[in-house]
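J.: Mind looking at a prediction? Sequence and model below.
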Protein chains: 2
Amino acid sequence: MPKYVYTWEEADYNNVKLFGGKASGLAMMAQLGLPVPPGIVITTEACKAYYQNDKKLPPGLMDEVREKLKYIEEKSGRRFGDPENPLLVSVRSGAAVSMPGMMDTVLNLGINDKTLPGVAKQLDSERAAWDVYRRFLQMFGKIVLGIDEKKFNDIFEEVKRKYGAKTDAELNVDALKEITQRFKELILKEKGDVWTEDPWKQLEMAIAAVFDSWESPRAVFYRKVNNITPDIADGTAVAIVMMVFGNAGPDSGTGVVFSRDPSTGEDKLYGEFLSLAQGEDVVAGIRTPISIDEMAKILPEAYKQLYEGAKKLEKFKKAVQDIEFTVEHGKLYFLQTRNGKLGPLAAVKVAVDMYKEGLISKEEALLRVKPEHIVQLLYPRIDPKENAKPIAKGLASSPGAVSGRVVFDADTAVAWAQKGEKVILVREETKPDDVHGMYASVGILTSRGGMTSHAAVVARAIGRPSVVGCEDIAVDYEKRQFVVKGTNIVVKEGDWITIDGSTGSVYLGKVRTIEAEPPQEFYEILKWADEERKLGVWANADQPDDAMIAKKFGAEGIGLLRTERMFRRPDRLEIFRKAILTDDEKERRDALNQLVPMMKKDFEEMLVIMEGKPVIIRLFDPPVHEFLQNEEEIIEKLAELRAKGGSDSEIKSLEDMLKRIRRFKEANPMMGRRGVRLGITYPEIYEAQVRAILSAAAELTLQGKKVNVEIMIPQVAIAKELEYIKQNVIEPVAKQVESEYNVKLNFKVGTMIETVRACLTADEIAKVADFFSFGTNDLTQATFSFSRDDVENEFMPKYLDLKILPYDPFETLDEGGVAKLMEIAVKSARSIKPDIELGICGEHGGDPKSIEIAHRIGLNYVSASPYRIPVARLAAAHAAIKAKGIKVYEY
Amino acid sequence: MPKYVYTWEEADYNNVKLFGGKASGLAMMAQLGLPVPPGIVITTEACKAYYQNDKKLPPGLMDEVREKLKYIEEKSGRRFGDPENPLLVSVRSGAAVSMPGMMDTVLNLGINDKTLPGVAKQLDSERAAWDVYRRFLQMFGKIVLGIDEKKFNDIFEEVKRKYGAKTDAELNVDALKEITQRFKELILKEKGDVWTEDPWKQLEMAIAAVFDSWESPRAVFYRKVNNITPDIADGTAVAIVMMVFGNAGPDSGTGVVFSRDPSTGEDKLYGEFLSLAQGEDVVAGIRTPISIDEMAKILPEAYKQLYEGAKKLEKFKKAVQDIEFTVEHGKLYFLQTRNGKLGPLAAVKVAVDMYKEGLISKEEALLRVKPEHIVQLLYPRIDPKENAKPIAKGLASSPGAVSGRVVFDADTAVAWAQKGEKVILVREETKPDDVHGMYASVGILTSRGGMTSHAAVVARAIGRPSVVGCEDIAVDYEKRQFVVKGTNIVVKEGDWITIDGSTGSVYLGKVRTIEAEPPQEFYEILKWADEERKLGVWANADQPDDAMIAKKFGAEGIGLLRTERMFRRPDRLEIFRKAILTDDEKERRDALNQLVPMMKKDFEEMLVIMEGKPVIIRLFDPPVHEFLQNEEEIIEKLAELRAKGGSDSEIKSLEDMLKRIRRFKEANPMMGRRGVRLGITYPEIYEAQVRAILSAAAELTLQGKKVNVEIMIPQVAIAKELEYIKQNVIEPVAKQVESEYNVKLNFKVGTMIETVRACLTADEIAKVADFFSFGTNDLTQATFSFSRDDVENEFMPKYLDLKILPYDPFETLDEGGVAKLMEIAVKSARSIKPDIELGICGEHGGDPKSIEIAHRIGLNYVSASPYRIPVARLAAAHAAIKAKGIKVYEY
């Protein structure tokens, strides 16, 4: 028979799989010399043997327990079953992984009619002893004997009523005695055949019950949901620990303490203490605990021990400790310790401090700061002191809290903003047409759409807090209001609301927010991150504002400058529509030529801001139909005109427009004539763009400014597509511009890798491309055959819910599919052109897990939206550190 | 110096790269002992040396030519430049690959003032000699001296007018003398500095001119267009061959003959002969040639020689020969031989005959029959005797010729067909709504769309001849007519037309067609194909008709039974719409349950026809929006009602319907909620289908019939999707059906592999799938990010035109991308489940080149539309034979 039972001193506390988390922690503290209640632990191997042995305790186990229990008796000076000075124990479950509340524990085992007086003496209170007794009977009855808990509660309430007690504390000794008596009668009636007064038998039964609870339905379910497979945790250990009583007298109590302040990171004990209380009482909230500083005054000796123990543990674990303790008659016992969860401020400060104290390495310090900490430090948040209650909840899609007056359309947003109002744009969902209104707003709220809906993507890109997919609200555009479903709350246009894009909450009225003030340690961490990371961090930025923010946050270039918006400005849109709808090539060229000087100015601005850092400009990508007049409106108008008898010429002209627009209508625009396919069929558009870009570069070069332009062709699936555009559009235009400005231009031409075929033929494409930038949004669509515009409302929520997908692949790169394709592409491209510049500019560029993949497959940089730059810098450093094999710190 | 000049006897006729095609053929015939005009050949190496030597003949070359020319003189008994019995030669170009008309040739070289009398004597005609002389001058002047041909023609026409000659034949000796004189004057005036009367000098100049023509712009362009790279053909050889004259007298002439009948394959000489003529005259069509049988009567000796030579050549080349010959004074000369192009009937018969004659192997016989032969033998064709002239041309998208009365919509097609009319459905393009009309029609004609447009795909699938993308016609639905553009031809509804889907031609009225009667050899070839092929050949068939045809043509199973049409029948569509549009799950289930017995009957029919052969049934795939009411019509109707003041309830109900329909509208339906994604979000649809399928299987099993059902889930991208449907839909329904019928069911569950991610994660999917069927249509879309519905009219024609793509990847599998993915998937799936059943059911399943890929990557079967089954059987055999390394026979 293997050894199943170990004392705290014997157990290897690093072997959590064998001893479970709880016992390991106690063993560790015991071996560090901290005061813990003496105890022993039965291994998880015994649990496995129990199940293999047809749910019977393995033979000899109880002999071993008996033998080892002597150790507790020695340490405590108490004896199990001894009427004079009885030892009471807890029988606790504890697996390798914490499964809070999922398994059973029996407390106070060892009390019975014979030992009760001894307990009363230990506790200095007969009442407390009876209280312990009745608690034991109820717990044992329920957990070990399987008697319905309600029956105990009914008796308890009945006696309480009989004695006129309003709270448990008002129950006197008689009442508790009567409860105890009736509990015993209940047990005899229900389970008289198995009940025993013998504490050794009780102990045996309790151990078996704890083992049983490993396979209880809720425990099994919990493990399934949390993916706790047998290789992670296989069976529960059982700890048998001497009971200590915080309710033994006024010099007793129980508390929780952090070794440093978990919200500020300040290096002092932080916590609460409740005297004359056991753990359960703290939870019940009968009295208000006192602060740990106050405890120091009452119990100075115990406090000193606590402080020293906490620091010792912190040093040993190299992490802030979250400690539970009890004081019994002035004597301190550590009951549990674990790494403390820290707020963002504390996480950053503690990481930096611990490095400076020599406790942890710089790499470790970096790993301690999580991307979400960085995010939270960047944005304003709701003042927790306000205690505000949200009226609705949606998806936390772009962080930050902000208050503003509700508007329901983009034009109103712009108009009100121009009058100096702070507005929040509320829509069912947003479309490209709404972007000017999103810019004018301080926040965005939508009732539909997911984390990668248009509203969410744009909000993150332009740094506006947003809550999307808030299905709690129903927007009524006609009445200019929204109602909160299931309530009578109506919010009208102009009303104030506050949204918190970090939590997804929506509040009525103005709720006070706290501005973001990243501490100095924040900048220190980012500087360290830059030293570690191998990946460059670039920004997706379309406008000067974005570029400026990106630069401020440390962007090393622009990885994606989308040019579509340049055509959307009202003054330009009409010209562009004319260019598209005409059949005459010359007319098209003339119209587009009108746009060249305007676009040239746009490009100059961006290039000047970036001061010679690389700027990747993507040529026109979307289907042109998006830029044309709305078809449904025309159909409606036509039907109306015909019904009302409009003039023939009016009808004719509308019909003509409808016909022309329909030529651009597509069954699946995402895979239609867009990107390079549009560039090849309507080369005039790319010509105009390239002319504007290169003229801007030439102009600035003449002015002696540094310029670093890279022209990117989207949607390439065939190497010859890129070759065609280079030879027939870019090179001829470049020659013209060079001779016009009399300057030699230096620029790169590359492609967005966003079709599957581009990945599979990356070697061929690499021959004609100076750089690749993975467009992972489209690549994800194509790999899954999921249309991002459609999946979010239709089936993605269901897929995540049913765990058909572990996460939304539009947020985090799909390892199984998309990342495989990218890896194929990287290898294949580098086989042809080892130093080709490879980056990623999809939404994934700002996602930590995706950044890790980017690092792993060897990209040169990631490009993220401006406000994600600090996160990307940190995540890139994490990726580099993890690649060295350094384990990640888990809070 | 390498040896540059070879006699016919010396040249290795297999070294086509060195001697060019023409000279190799002549050398071969000479060495076989056939009478050919004696000649020598200058190698392509000399041509390369010419270009390396700054376009000068390599030193010593002319000495070699002089030396070798003696061989011709010996053989012919004539002497180059000899006034008595002069040798005239042709100087001919000839590269490794035939480049018809792209390079130059000089004829009749060796005639001049001195040798003319000798030529006259040889030809027995002074006039003929002058004719030869003037021809030589014009050719030499144009090709060697570079004088504008128009100047020669002007002189020629002037003299013709002067002598009042209407045709060239009417020119007398004086006229020809005058022409010759004036040609010489022209040459002296234009190129007097380089002109020479010396035939040796002329020969030298002619050789250089032939070399020059290798790099002429049209030759360079031709090579580029036809991908003739230097490794295929590098430079031209020059053949110098004694001139022979078919116009030397009545015992002379020229002709073309096939060694067997090229249209029937009958084993007898077939060809034409024109006496007293040279090659040019045949082309000019001055007189009507006589048949080769008639020639046998006039020139029995020459005919006998011709017959024996032809048979000798045929035996040697193991192929029907297409031979040019000339008879000079009764003496036969073979001038050229090549493998003859055969019609479909002949190709099949000759292949079988030659195998039986022991000339070729069975494998070789199979390779001789091309897929297009098989196709042409299956379908009726226009009777060539009718000499009908098409009024318009479109794409030959589904083979066969048929006559019918024009109708312009599907409902009319059905109504007329029910009255017993044969109708041809004419549309701008077709949609799923039109399919019932397509079934009712004998042929389909559309003015828009490509080879993989809806009309083309459905027409092929259901075996209706079709011509699509016929842009010559303009359809006017309102006037119920179409007009042929640029003509005054108007075709009204009810008019007869005839279309030929094998050629793309459209004819006015009824044109006589010939029924397809495949000869017995056709079935013999297919039997042989079955012995050779490794790939199974299954059919895509949705209805009993299709299944019956498929079985007749030898299908070994149904690889794709699409179930969508079952919902489209008018009586069912309303029920289905109700199921979709309701919010109530019970209502949905009830509606769908109404459909179960109807669908069960459909499945039973199909299973009974297939008699235990596997039948793969694909569950519902398309986006449901396709089945709902037309949105634009409702918008129009609404606008109309509002304008005219319709009743509130009417408006309300339309608004409600619009709202419900719009819930199913998608930005990119191809990648939206369809296939398994629909199955997971609306499991009731799949439940109803599975119930109908399995009930049918159970019913037939009880009746003792053989049943082999495979249920296929479309659009799977994640293994868990398939797992979910299996566990939550298929297995529960199967249990219910088994207990209801009290029968044990055997069926497979698999998936269509049509998303990229499915290919990349095929190992995971293989764990839960019994079979895969590649859906290469969708896979091609996803790999390229091309929407098939959109590309055909928008940019595919341009891409093919610009050679950005070598072929349409929706017709032939894309080797570079899609096939790579499939290979990844096959390897990955087989690594998990070595005997998993793998097939292909996209349109590519019937395309020979794609079938070769299917063979190469190791699929088990291809599934093609019923009428493509014979082609697929042959192509599968070809793939297996080619894989053995046997070279393909090229006609």
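T.: Received, thanks.
J.: Please make it C-alpha for all contacts and neighbour counts, starting now.
T.: Noted.
J.: Nearest residue to the middle of chain A?
T.: Note on chain A: the residue nearest the mean C-alpha position is residue A:372, at 6.7 Å, using CA atoms, centre = their mean.
J.: tally of neighbours for residue A:174?
T.: When neighbours are defined as other CA atoms under 10 Å in any protein chain shown, residue A:174 has 12 of them.
J.: quick one: residue A:832 and residue A:765 touch, right?
T.: No. Taking contacts as CA atoms under 8 Å, residue A:832 lies outside contact range of residue A:765: 9.5 Å.
J.: And the residue of the stretch 251-400 of chain A that's closest to chain B?
T.: Nearest residue of the stretch 251-400 of chain A to chain B (CA to the nearest CA) works out as residue A:394 at 20.8 Å.
J.: Before we move on, what's the pLDDT of that residue?
T.: If you check residue A:394, the pLDDT there is 92.
J.: Run a quick neighbour tally on it.
T.: Residues lying near residue A:394 (other CA under 10 Å) number 26.
J.: Repeat that for residue A:162.
T.: Per other CA under 10 Å, the neighbour tally for residue A:162 reads 10.
J.: What are the phi and psi values at it?
T.: With angles defined as degrees, to the nearest 10, residue A:162 sits at phi -60, psi -40.
J.: pLDDT below threshold where in chain A?
T.: A:279-287, A:452, A:793, A:889-891 (pLDDT under 70).
J.: ok, longest helix in chain A?
T.: The longest helix of chain A (DSSP state H) is helix A:585-610.
J.: Show me what it is packed against.
T.: Counting by 3 or more CA pairs under 8 Å, 6 or more residues apart in numbering or on different chains; DSSP states H and E, the packing neighbours recorded for helix A:585-610 are helix A:544-552, helix A:570-581, helix A:683-702.
J.: Make sure residue A:719 is actually in contact with residue A:763.
T.: No. Residue A:719 is beyond contact range of residue A:763, at 9.0 Å (criterion: CA under 8 Å).
J.: Could you pick out the residues of the stretch 651-800 of chain A near chain B for me?
T.: Selection of the stretch 651-800 of chain A residues close to chain B by CA under 8 Å from any CA of the partner chain yields A:666-673, A:677, A:681, A:715, A:717-718, A:720-721, A:724, A:755-757, A:760-761, A:781-787, A:789-791, A:794-795, A:798.
J.: If any of those are buried, put those into a PyMOL selection.
T.: Buried residues among those (16 or more other CA atoms under 10 Å in any protein chain shown), as a PyMOL selection:
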select buried, chain A and resi 666+667+668+669+670+671+672+673+677+681+715+717+718+720+721+724+755+756+757+760+761+781+782+783+784+785+786+787+789+790+791+794+795+798
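J.: Just the residues of the stretch 651-800 of chain A next to chain B: which are in helices?
T.: Using DSSP H, those in helices are A:677, A:681, A:720-721, A:724, A:756-757, A:760, A:781-784, A:789-791, A:794, A:798.
J.: Identify the residues contacting residue A:869.
T.: If a contact means CA atoms under 8 Å, 6 or more residues apart in numbering or on different chains, then residue A:869 has A:537-539, A:550, A:553-555, A:846 as its contacts.
J.: Which PyMOL command selects the buried ones in the residues you listed?
T.: Buried residues among the contacts of residue A:869 (16+ other CA under 10 Å), as a PyMOL selection:
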select buried, chain A and resi 537+538+539+550+553+554+555+846
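J.: Tell me the one of the contacts of residue A:869 nearest residue B:524?
T.: residue A:846 (65.0 Å; CA to CA).
J.: Which residue ranges of the stretch 151-300 of chain A form helices?
T.: According to DSSP state H, counting those that start in this stretch, the stretch 151-300 of chain A carries its helices in the segments A:173-191, A:199-214, A:217-225, A:279-284, A:292-298, A:300-317.
J.: separation between residue A:97 and chain B?
T.: Going from residue A:97 to chain B by CA to the nearest CA, to the nearest Å gives 27 Å.
J.: what does residue A:734 give?
T.: Using CA to the nearest CA, one gets 22 Å for the distance from residue A:734 to chain B.
J.: what does the helix or strand containing that residue contact?
T.: Residue A:734 is part of helix A:731-741, with elements assigned from DSSP states H and E. With contact meaning CA under 8 Å, 6+ apart, helix A:731-741 is reached by A:687, A:690-691, A:694-695, A:698-699, A:744-745.
J.: mind running it again at 6 Å?
T.: Identification of contacts with helix A:731-741 by CA atoms under 6 Å, 6 or more residues apart in numbering or on different chains yields residue A:744.
J.: tell me which residues of the next helix or strand after it are tucked away?
T.: Next along the chain after helix A:731-741, taking DSSP H and E as the criterion, comes strand A:747-753. Judged by neighbour count (16+ other CA under 10 Å), strand A:747-753 contains these buried residues: A:747, A:749-753.
J.: Looking at these, which is nearest chain B?
T.: Nearest to chain B out of the buried residues of strand A:747-753 is residue A:753 (CA to the nearest CA; 11.6 Å).
J.: What separation is there between the closest one and residue A:821?
T.: Distance of residue A:753 to residue A:821, computed by CA to CA, to the nearest Å: 10 Å.
J.: same question, residue A:277
T.: The gap separating residue A:277 from residue A:821 is 60 Å, by CA to CA.
J.: Neighbour count: the two, which is higher?
T.: The residue with more neighbours, out of residue A:277 and residue A:821, is residue A:277; 25 against 22, by other CA under 10 Å.
J.: The stretch 1-150 of chain A: strands as residue ranges?
T.: Under the criterion DSSP state E, counting those that start in this stretch, the stretch 1-150 of chain A contains strands at A:5-7, A:39-42, A:89-94, A:106-109.
J.: With adjacent residues omitted, what lies nearest to the residue of the stretch 251-400 of chain A closest to chain B?
T.: residue A:470 (3.8 Å; CA to CA, 6 or more residues apart in numbering or on different chains).
J.: Please apply the same query to residue A:115.
T.: Among residues not flanking residue A:115 along the chain, residue A:83 sits closest, at 4.1 Å (CA to CA, 6+ apart).
J.: Now do that neighbour: how many residues are near it, please.
T.: Other residues close to residue A:83 by other CA under 10 Å number 18.
J.: follow-up on the earlier one: surely the residue nearest to residue A:394 is within a strand?
T.: No. According to DSSP: H, G, I helix; E, B strand; the rest coil, residue A:470 belongs to no strand; its state is coil.
J.: Isn't it up against residue A:444?
T.: No. Applying CA atoms under 6 Å, one finds residue A:470 not in contact with residue A:444, separated by 11.0 Å.
J.: which of those two has more neighbours?
T.: residue A:444 (32 against 23).
J.: quick one: buried residues of the longest helix of chain A?
T.: Going by neighbour count (16+ other CA under 10 Å), the buried part of helix A:585-610 is A:588-589, A:591-593, A:595-597, A:599-600, A:602-604, A:606-608, A:610.
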